[in-house]
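Colleague: take this sequence and fold it.
(chains A, B and C)
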Amino acid sequence: MSGRQLFFLVFCTVLGSALYGLPNGLIYQGRQDAWLDVSAGLGFAVIIALVLYILGSRYPNRTLFQYGETILGKYLGKVIGLIFAIFFLMVAAVLLRIEVDFLVVALMPETPPLVFALAFMAVSTYAVTSGVEVIGRLGELIGPLLILAVVGILFFTFNIIHLENLLPFFQENPAEVIGHSLLPGGWLGFVIIAGVLMAFQNEPRQALKPILGGTLTAALLIILVLFQCITILGVNVSIQQIYPLFRAVRMIEIGDFFERLDSMAGIVWTAGGFLAIVAFHECAAIGAAQLFKIKGNGGKWVALVEGLAILLLGLFIFHGSADRWQFLRSVFPLLALAVEMLIPMLLLTISVCRHGWGFLGQRSGGK
Amino acid sequence: MAAETGKHKGRRRVIPLLTLILTLALSTLTSGCWNRRELNRIGIVSAVGLDLGPDHKIELTVQIIRARAMKMAEGASGEGKAVWVVSSSGDTVFDAVRNLVEKSGRRLYYPHNSLIVLGQELAREGVRPVMDLFARDQEMRLLAWVVVAQGTAADVLKADSELNNVPSKQLEDMLKNYNIVSKSVGSNLLEFDDSLLSKTTQPVLGRVVLDKVSGKNELRLDGAGVFRGDKLIGWLDSTETRGYLFIKDKVKSGSVLVPSPGNPDQAVTLEIIRAGSRVKPEWLGGKARFEIDVKVEANLVEQASAQKLSSPDMISVLEEELNQAIANQMRTTISAAQTHYKADIFGFGTDLMRAYPEEWQGLAGKWEAEFPLAETQVKVQSKITHTDLSQ
Amino acid sequence: MFNSGISSGPVSGDLADGLQANISALKNRFKNSADVIYREFTLGFASNPKAVLIYIDGMINQETTSGTILKPLMFDFDGRDSKRSAGPNGAGDMADVIANRALPNKRVQKAKSLKDVVDGILCGNTALLIDGSAVALVIETKGWESRNVDEPGTESIVRGPREGFTENIGVNSAMLRRKIKDENLRIESLELGRRTKTLVYLAYIDGVARREMVNEVKRRLNKIEIDGVLESGYIEQLIEDAPRSIFPTVGNTEKPDVVAAKLLEGRLAIFVDGTPFVLTVPHLFVEGFQSSEDYYSRPYYATTVRLVRYLAFVIAVLLPAGYVALQSYSQDLLPTPLLISMVASREGTPFPSYMEVLIMGVIFEIMREAGVRMPGAIGQAFSIVGALVLGEASARAGLVSNSMIVVVALTAISGFALTSLADVIGLLRLFFIACAAPLGLFGILMGGLTVLIHMFKLYSFGVPYLLPIAPGNLNDLKDVFIRAPLGSQVFPPRILGHRNLARTTSDRRPPGKD
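Modeller: Numbers count the residues shown, from 1 in each chain, chains lettered A, B, ... in the order given. Presented below is the predicted three-dimensional model:
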């Protein structure tokens, strides 16, 4: 996997699912200062990325699931690995549900959700069984498309934006900013997949740039999306609408005849969201395979079983959309940050205590 | 050896492929009940009207496009009307929408709807209950125009158009170009929704008037309806609306009549070709003050007197008169809003909130009482560029 | 065992001394073969032994046989020196002397076994057997009626060489050699097909094509085990990476200049005797969009044309599916006036849109197939019936909507723009219609992702099938969506060939400026 592929995978994983999963919640929390919360959340993500990178260069060609065993010993390490694997599985299921709910609400209200979920997981399983390389190439293709879809909105909406909607700035106090940054922090923390994918990179030493770059680009685009929602719809309507960006795109009129481009944009975003699901599905599958030492063709069965698990979990994890928003706003940020940030930091601390700083990268030649 | 496994793989790959094809084929056949809407089974709604019926029921009127008749109409006229106007009633809008299917048979398709007309009765009762569905339903577009009818919405939708096969299209065109005449307001669903959600800004909607001209109903867009909260409380006439539009920086063009210098009985017509305005809020010791700066560029397009007006002196006199005329229009509107309606239709509260967020904290709750007391200062700077004749 | 014509068992055993024994042995091999000619005669020198010429009628050049074999042996050659060089084994020497001194043919081989003689005869050579000699001479006399070098029927161009390959492999390899006069051009030969014994050449440029790739191709060719190779398609299907994929991973062309260009890029070519279609490997997806003419015309025009080709591909593959999705699911994407006219044309048609597309698609395919196979004389009538009756009348009769006919026609025309991808386009089109019918745009997206994943998994001889697009390489993209000016394409595409070979170093600055 090349650096560019890693960049786009991280980027798509963070942004792809955020396009309709986040703006409403963020603007609800922070109103005009939502961008501030995202910037603060980026802080968490940068810490995560740095920790992952240091871990990655200390233990080259190993994944997140194997650090634990190397650092903490067999049993405790397995537990840590299992936590990661289950977390990935859960995030994939949550993302699947967000994705499916969006399609059902916004595009095709009468189609049963199971059909969408089945289609997603069937194609996702196909992608995962095809290997990391294929997923990397998929990211390389979908990533630029996603950027185009988000930035393109700018060009077509410049005549309907109201910049004054962005005011007033800086109404939150620091405590509020930190409190509100947990949600975007947890979301940007999806960079955690790099901890798995880095092991498949051609040059792990140069992984930092793509990982940080991908997160940063995604965060910038999330902020851009927030600005688009607020400048086009205003804060009040953005809070009222579940999918404000979708509704904002619906406002686009190109030369009197191209209108209602929302289904088109929705489909492109769906491609990004799909890639996020695939990335987590892949990571969970790699995790299970490594933890239970499954090799060869067994990996395909792991992917299939996990695909089914994500499908069922995704369909039954939430009672309804109200339930989902509740979860995303309260439980998810803490849970996500605990797994994404605290555990890797813990691993790094113990690793440093055991081997000292000088260990950095010395083993790489010995492999 | 490698080829051996390759062959093996190939054979195994056939099974998922077959499953895929089978699934696709099956789903194609069985999906009739899902989201598929064949074009010949839908009715395209081009306009929606809402009225208050007896027993506080909602009366929903829709214009449905008859595509066949419309195509025919191009060749031979007299094929029947291109639209079908049909009404139904229900306890809520959604109920009425569903009841409509009983009459139309076809499923009605709303994404191409571009106009929502609210009847006066309903508007006076309050529109929030009926607007909810339009904000919530993803099929509806926030770009659809919203107007309030002086009579009932049903009458507006039933009126004919001589220019357009689809009558609502004519109204839509009028609304699109409202700021060329600048005597009425065109607000779309988004703007209306936004001001309904706002705690300080009060909504203003364009008014549709139905004139009886030689037995035919003619639609005219004129003036605007003022809301407080979600209830219609009164009207702005066309002059007041012009003042409103100037303050909201929504004037694109329009004509202003000023008395001819030295000949007050005869009028000079000035056409505004560019206009821009800025509202500068100030918070001075517990009192809100708003400075409205308007810059106007106009052309002299018509004059009744034979006087030569194209000299620099005369032009500056005319400019001064134009300043006065526009400022007066705005003052009339402001005083109507402040004293008569007591409704912040200009969004002054929002302006103040953006400029003085800290002070606003204490003010937010009592803005309704504060707004009528706010001081305003109107400044107009106009420039007459062309006179087109050297007279 | 029923034995018709040529014996089926392996031909073995050495030749005997006696002429009659050999003849009867051969006659036994070629049982019931009327086209095998045995021309018995007497040599005009030495002890005037009896001899026989054996050949297959129609496969040899009659003048060569009579003028350069029969005439010298019967009249001109006096056998003066035959004694002098005679060694202990007189019989063998007789063949040597004749081969060296009497026969002016371009290739004369000695054959000791019956198998060699039989093979030689089957290839169109003439075998000379002399009484008392256990060595036969196989004389090259191949010569049969074949097509002249002609303009190829499949790849028409406006600018560029008009010549195309013929059915004759020798002519074909010579055409390539004429293009690349480099001693590093290797043309290796092998014979494939147990019964057809088809001659196959593998051509590449040593030092440009990568060693591993050459070895891999050879390995795959050598593994082929088949009774007959009648066309290069047989070989294509036996060596391709993904035989079950709808995408071709082996390319073919009829034009020598195309083959030469591919060899210069580091690819390999496989010539097969008896067909003008030459295979090139590895074959990438983007090659379907490149035409030799792109490189002969100036870059701006070539770029435009190439982009048009990609557009045509997208239309040909996605338009019917997109139409179904728009008609049945995402009507909101259509401009209102267009939607109204579509509704008007759909009023009263009985089938859902995907059925309409499928019906019209099938009708079109039938028309196309009929058009290709049909004798030219009834073409006029056919096109009238096809276009007018089926298209116009079916819309009039309300079977299908007018807009549908526009869509099907546009799709068909776009498909013609990319003949080399025709089979892929047809299948993908069907697949996407099947995706769009139940799920609309979402179905198309999911179908597209599936196809993409499949393409990402494909390799052609170790090279990723979608190469310059994914995994991406900006430098190679210069020859994908655009056709950059020649000076900026200095390297053969990555992985295909050795990267450090500059292809042009000519100074491309405008003359007169420094």
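
Colleague: please name the nearest non-neighbouring residue to residue 337.
Modeller: No chain was given, so I picked chain A. Distance criterion Cβ to Cβ, 6 or more residues apart in numbering or on different chains; nearest residue to residue A:337, sequence neighbours excluded, is residue A:186 at 5.2 Å. For the C-beta atoms, the positions are set from N, CA and C on the backbone; glycine is no exception.

Colleague: that was the other one, I meant chain C.
Modeller: residue A:257 is the one closest to residue C:337 (Cβ to Cβ, 6+ apart), at 7.9 Å.

Colleague: what's the neighbour count on that neighbour?
Modeller: 11 (other Cβ atoms under 10 Å in any protein chain shown).

Colleague: which residues touch it?
Modeller: The contact partners of residue A:257, by Cβ atoms under 8 Å, 6 or more residues apart in numbering or on different chains, come to C:335, C:337, C:338.

Colleague: and the residue nearest to residue A:337, what is it in contact with?
Modeller: Shown in contact with residue A:186 (Cβ under 8 Å, 6+ apart): A:41, A:44, A:332, A:333, A:334, A:335, A:336, A:337, A:340.

Colleague: which element is the nearest residue to the second one once chain neighbours are set aside on?
Modeller: On the basis of Cβ to Cβ, 6+ apart, the spatially nearest residue to residue A:44 that is not a chain neighbour turns out to be residue A:185, at 3.6 Å. Secondary-structure assignment from DSSP states H and E places residue A:185 in helix A:182-188.

Colleague: near chain C, which residues of the stretch 101-250 of chain A are found?
Modeller: Counting by Cβ under 8 Å from any Cβ of the partner chain, the stretch 101-250 of chain A comes close to chain C at A:103, A:107-108, A:111, A:115-116, A:119-120, A:123, A:126-127, A:130, A:133-134, A:136-138, A:140-141.

Colleague: show me which of these neighbour chain B.
Modeller: Among those, the ones lying near chain B by Cβ under 8 Å from any Cβ are A:108, A:111, A:115, A:126.

Colleague: how deep is the nearest residue to residue A:203 once chain neighbours are set aside tucked in, by neighbour count?
Modeller: Counting by Cβ to Cβ, 6+ apart, residue A:203 lies nearest to residue A:3, which is 7.4 Å off, once chain neighbours are set aside. When counting by other Cβ under 10 Å, one arrives at 17 neighbours for residue A:3.

Colleague: returning to that earlier point: farthest-apart pair in the contacts of residue A:186, please.
Modeller: Within these, A:41 and A:335 form the most distant pair, 15.0 Å apart (Cβ to Cβ).

Colleague: tell me if stretch A:279-286 is near chain C.
Modeller: No: Stretch A:279-286 stays clear of chain C (Cβ under 8 Å from any Cβ), getting no nearer than 12.1 Å.

Colleague: picking that back up, now the contacts of residue A:257 as a markdown table including neighbour count and distance to residue A:301?
Modeller: Formatted as a markdown table, the contacts of residue A:257 follow (neighbours: other Cβ atoms under 10 Å in any protein chain shown; distance: Cβ to Cβ, whole Å):
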| residue | neighbour count | distance to residue A:301 |
| --- | --- | --- |
| C:335 | 14 | 49 |
| C:337 | 11 | 54 |
| C:338 | 13 | 49 |
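
Colleague: residues in contact with the closest residue to chain A within the stretch 51-200 of chain B?
Modeller: For the stretch 51-200 of chain B, the residue closest to chain A is residue B:197, as judged by Cβ to the nearest Cβ, at 3.8 Å. Contacts for residue B:197 (Cβ under 8 Å, 6+ apart) come out as A:236, A:237, A:240.

Colleague: among the contacts of residue A:257, which are located in helices?
Modeller: Per DSSP state H, helices hold the following members of these: C:337, C:338.

Colleague: which one of the contacts of residue A:257 sits closest to residue B:223?
Modeller: Residue B:223 lies nearest to residue C:337 out of the contacts of residue A:257, by Cβ to Cβ, at 31.2 Å.

Colleague: which stretches of chain C form strands?
Modeller: With strands called from DSSP state E, chain C shows them at C:36-42, C:50-56, C:108-111, C:126-130, C:136-139, C:185-192, C:198-205, C:251-253, C:268-272, C:278-281, C:459-460, C:463-464.

Colleague: near chain B, which residues of chain A?
Modeller: So far as Cβ under 8 Å from any Cβ goes, chain A lies against chain B at A:105-106, A:108-112, A:115, A:122, A:126, A:164, A:167-168, A:171, A:233-234, A:236-237, A:240-241, A:243, A:246-247, A:250-251, A:253, A:259-260.

Colleague: so which of the residues you listed are in helices?
Modeller: Per DSSP H, the residues of chain A next to chain B map to helices at A:115, A:122, A:126, A:233, A:236, A:237, A:240, A:246, A:247.

Colleague: which pair in these spans the largest distance?
Modeller: Largest separation among those by Cβ to Cβ: A:126 and A:236, giving 43.2 Å.

Colleague: quick one, longest strand in chain B?
Modeller: Per DSSP E, chain B has its longest strand at strand B:263-284.

Colleague: in that strand, what's buried?
Modeller: Residues of strand B:263-284 classed as buried by neighbour count (16 or more other Cβ atoms under 10 Å in any protein chain shown): B:267, B:268, B:270, B:271, B:272, B:273, B:275, B:277, B:279, B:281.

Colleague: any chance of the residues you listed in a markdown table with pLDDT and distance to chain A as columns?
Modeller: Formatted as a markdown table, the buried residues of strand B:263-284 follow (pLDDT from 0 to 100; distance: Cβ to the nearest Cβ, whole Å):
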| residue | pLDDT | distance to chain A |
| --- | --- | --- |
| B:267 | 85 | 35 |
| B:268 | 87 | 34 |
| B:270 | 89 | 28 |
| B:271 | 90 | 24 |
| B:272 | 90 | 21 |
| B:273 | 89 | 19 |
| B:275 | 89 | 17 |
| B:277 | 90 | 13 |
| B:279 | 91 | 10 |
| B:281 | 90 | 12 |
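
Colleague: between those, which is nearest residue C:102?
Modeller: residue B:273 (106.6 Å).

Colleague: go ahead and confirm that closest one touches residue B:297.
Modeller: Yes: assessed by Cβ atoms under 8 Å, residue B:273 is found in contact with residue B:297 at 5.4 Å.

Colleague: give me the common contacts of those two.
Modeller: residue B:385.

Colleague: quick check: residue A:327 touching residue A:319?
Modeller: No: Residue A:327 sits out of contact with residue A:319 when judged by Cβ under 8 Å, with a separation of 9.9 Å.

Colleague: tell me which of those two has more neighbours.
Modeller: Legend: neighbour count by other Cβ under 10 Å for residue A:327 and residue A:319, higher for residue A:327 (16 against 10).

Colleague: who in the stretch 401-514 of chain C is up against chain A?
Modeller: So the stretch 401-514 of chain C meets chain A at C:438-446, C:449-450, C:452-453, C:456-457, C:466, C:469-472 (Cβ under 8 Å from any Cβ).

Colleague: now for whatever residue of the stretch 201-350 of chain A ends up closest to chain B: which residues touch it?
Modeller: Nearest to chain B, among the residues of the stretch 201-350 of chain A, is residue A:236, at 3.8 Å (Cβ to the nearest Cβ). By Cβ under 8 Å, 6+ apart, the residues touching residue A:236 are B:194, B:197, B:198.

Colleague: close to chain C, is the helix or strand of chain A with the lowest mean pLDDT?
Modeller: None of the helices or strands of chain A scores lower by mean pLDDT, DSSP states H and E than strand A:258-259, at a mean of 73. Yes: for strand A:258-259 and chain C, the contact criterion (Cβ under 8 Å from any Cβ) is met by A:258, A:259.

Colleague: tell me how far that strand is from the chain's mean position?
Modeller: Here strand A:258-259 is found 31 Å from its chain centre; the criterion is Cα atoms, centre = their mean, to the nearest Å.

Colleague: for the stretch 251-367 of chain A, which residues are neighbours of chain C?
Modeller: A:257, A:258, A:259, A:260, A:261, A:262, A:263, A:264, A:267, A:270, A:271, A:274.
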